[in-house]
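Engineer: With the input below, show me the fold.
(2 chains)
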Amino acid sequence: ETGVTQTPRHLVMGMTNKKSLKCEQHLGHNAMYWYKQSAKKPLELMFVYSLEERVENNSVPSRFSPECPNSSHLFLHLHTLQPEDSALYLCASSQDRQGAAYGYTFGSGTRLTVV
Amino acid sequence: AQTVTQSQPEMSVQEAETVTLSCTYDTSENNYYLFWYKQPPSRQMILVIRQEAYKQQNATENRFSVNFQKAAKSFSLKISDSQLGDTAMYFCAFPSSGGSQGNLIFGKGTKLSVKP
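Structural biologist: Model (predicted):
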């Protein structure tokens, strides 16, 4: 399997639940990203990992907790979410932190609904 | 701060015709890269075309081409011979810190509908 794979594709969770989003890339890339996509808003960068180290956290609430156990896997742990957190969460990867020169490879996203 | 603006929230085009999507950006860098991404209903963001700012020649990928005007900081996407499969959201993007550094930032997108 190649590319960037995200699971689950859809997720409905209550505000008191704990769930995790998973992202896996088979491209040999060293940088991975979480973006949040809400309707009528630009994509919002949430977290950046480079060589398994978190290098950016763009003022994301602590109810979102990322984890990068190795360069191929990225998780987003969710707990005590709010309805406004409902969105499409996209994972992306790039060869390294210079990847902005070549663009990113994206997964198909997880559509999250918080009820 | 770097910004990306797409002024057309929605556009439509007849099949086989040509359509142009606009994008403007703001940067103080001289060398950088610009991208157009396509997001069909399948939701996966797909890289359509890439332009290097230090190259004067406009990038072309099959039916997709750009009109890059560096001085005007304009980067429009032209789709020729539109096909039904071109129906998607289109996003303009470039690095937040200019050059090859920084993370990609995106415009709000243009929803393109290709009508039969």
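
Engineer: For chain A, which element, helix or strand, carries the lowest mean pLDDT?
Structural biologist: Ranked by mean pLDDT, DSSP states H and E, the helix or strand of chain A with the weakest confidence is strand A:53-57, at a mean of 76.

Engineer: just how off-centre is that one within its chain?
Structural biologist: With C-alpha atoms, centre = their mean, to the nearest Å as the basis, strand A:53-57 stands 12 Å off its chain's centre.

Engineer: can you give me the strands in chain B?
Structural biologist: Assigned by DSSP state E, chain B shows strands spanning B:3-5, B:10-14, B:19-21, B:24-26, B:33-39, B:46-52, B:60-61, B:64-69, B:74-79, B:88-95, B:104-106, B:110-115.

Engineer: Nearest to A:Pro42, out of those?
Structural biologist: Ranking those by proximity to A:Pro42 (C-beta to C-beta) places strand B:104-106 first, at 5.0 Å. From N, CA and C alone the C-beta is placed, and that goes for glycine too.

Engineer: In terms of secondary structure, what does the closest one contact?
Structural biologist: Strand B:104-106 sits against strand B:3-5, strand B:88-95, with contacts defined as 3 or more C-beta pairs under 8 Å, 6 or more residues apart in numbering or on different chains; DSSP states H and E.

Engineer: at 6 Å what do you get?
Structural biologist: Secondary structure elements in contact with strand B:104-106, counted by 3 or more C-beta pairs under 6 Å, 6 or more residues apart in numbering or on different chains; DSSP states H and E, are strand B:88-95.

Engineer: contacts for the strand it packs on?
Structural biologist: Applying C-beta atoms under 6 Å, 6 or more residues apart in numbering or on different chains, the external contacts of strand B:88-95 come out as A:100, B:4, B:6, B:21, B:23, B:25, B:32, B:34-40, B:102, B:104, B:106-107, B:109-112.

Engineer: Good, we can wrap up now.
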